[in-house]
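Participant: pasting the sequence and the predicted model now:
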Amino acid sequence: MKKIRPYVIFFGIVAFIVLGVNVIKEFNYNALIVRGIKDEYRAIVIEKYNRRKSMDIMTSVFIRRENGTEEGFPLRAEILNYLSPGDSLIKIKDENICYVKKPNGEVKEFSFVRIPKENRNHWTFPKEWRNKWMESSAWDTLQTK
């Protein structure tokens, strides 16, 4: 009978761990994308702030929702750069769309989350959304060329 060498077992375990971590990471990221798309709210921007003190750019926004709750969360740079305190942030339920409404009435539409092509095609991503909001994956296509 052939003996299994210890290094074969070691590399097998390492490969299993690496593959397992990638599968879990992919599953968790898809869950975040889906949660972001399913969310719905109307809020007023209170302030922009930086969650990471080591960075000089603003990465997050502090909002007050219609129901009075206040919270902070990160936003995509494109949206965050357009926002100012006092603006309204409107997220449409089950759509990857949000609107920023300025106090002067100006309204601009944004894709709420970026959807990488690999996540869009992943088995955990909802099938009914696979061909929706393709503009939110356009940046991914540009980067791969």
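Facilitator: Good, I have the coordinates. Residues are numbered from 1 along each chain as shown.

Participant: contacts for the biggest strand by length in the chain, please.
Facilitator: Counting by DSSP state E, the longest strand found in the chain is strand 41-49. Contacting residues not belonging to strand 41-49 are listed as 58-66, 70, 72, 80, 83-91 [C-beta atoms under 8 Å, 6 or more residues apart in numbering]. C-beta: built from backbone N, CA, C; applies to glycine.

Participant: so which of these belong to helices?
Facilitator: Mapping these onto helices (DSSP state H) picks out residue 80.

Participant: got a ChimeraX select line for the buried ones in the contacts of strand 41-49?
Facilitator: The buried residues among the contacts of strand 41-49 can be selected in ChimeraX (16 or more other C-beta atoms under 10 Å) with this line:
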select :58,60,61,63,80,83,87,88,89,90,91
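
Participant: among the contacts of strand 41-49, which are in strands?
Facilitator: 60-65, 70, 72, 88-91.

Participant: CSV for those residues, including distance to residue 49?
Facilitator: Below are the ones in strands among the contacts of strand 41-49 laid out as CSV (distance: C-beta to C-beta, whole Å):
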residue, distance to residue 49
60, 6
61, 8
62, 6
63, 11
64, 14
65, 17
70, 13
72, 7
88, 18
89, 15
90, 21
91, 19
